[in-house]
Each structure stands twice: as structure tokens, then as C-alpha cells.
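predicted structure and sequence below. I'll ask about it afterward.
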Amino acid sequence: MTLMIGTIWQVLTMPFRIVFWTFAAAGRLVGLVFGFALMVCGAALWSGPLYPIGIPLFVVGLLLTLRNVG
């Protein structure tokens, strides 16, 4: 009886779990792209005369990218 109720519950909640998983995956992808863009901009600024801005920008982008990967 418990197995049947659990199976019915899994089937009924499947569409909601798929939608929430899709939103979570899209959010991680956006964070990954934004973090990578910050890393690239930070590295570009770091190589020029604006290295005090580039170093923190690169570090923030790196942390954001690593957070979204793992």
C-alpha cells in the first residue's frame, strides 16, 4: 500500500519537479556565463593599467564560476 501511494505521489509531482529542475539549471547556466564573463573582463583589466579593478573582478568571476560548476 505504501509503495502504491509513493508511486502515485512521484507521478503526480513529476511535472513540478521537472519545471523546478529546469529553472535551477537555467539559473546555474546564467551564473556560469556571467562568472566567466567577469573572469575575462578581470583578466583583460588586470593586464593593463587598471589592475586594481581587474584583480577583484577576476576573483569574483572565478568564485561565481566555481560556485555554479560545483
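Right, received. Where do you want to start?

could you pull up the mean pLDDT of the helix or strand where Met4 lies?
Per DSSP states H and E: Met4 is located in helix 2-46. If you average the pLDDT over helix 2-46, you get 94.

what packs against that helix?
Counting contacts by 3 or more Cβ pairs under 8 Å, 6 or more residues apart in numbering; DSSP states H and E, helix 2-46 packs against helix 51-69. In this view, the C-beta of every residue, glycine as well, is placed from N, C-alpha and C.

how about the residue nearest to the spatial centre of the chain: what's its closest non-neighbour residue?
Among the residues of the chain, Arg28 comes closest to the average C-alpha position under Cα atoms, centre = their mean, at 2.3 Å. The spatially closest residue to Arg28, leaving aside those adjacent along the chain, is Asn68, at 4.8 Å (Cβ to Cβ, 6 or more residues apart in numbering).

can you list contacts of stretch 36-46?
With contact meaning Cβ atoms under 8 Å, 6 or more residues apart in numbering, stretch 36-46 is reached by 51, 53-62, 64-65.

can you redo those as CSV with pLDDT and neighbour count?
Shown next, in CSV, are the contacts of stretch 36-46 (pLDDT from 0 to 100; neighbours: other Cβ atoms under 10 Å):
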residue, pLDDT, neighbour count
Tyr51, 86, 13
Ile53, 93, 14
Gly54, 93, 18
Ile55, 94, 14
Pro56, 95, 14
Leu57, 95, 20
Phe58, 96, 20
Val59, 96, 13
Val60, 96, 14
Gly61, 96, 20
Leu62, 96, 16
Leu64, 95, 19
Thr65, 96, 19
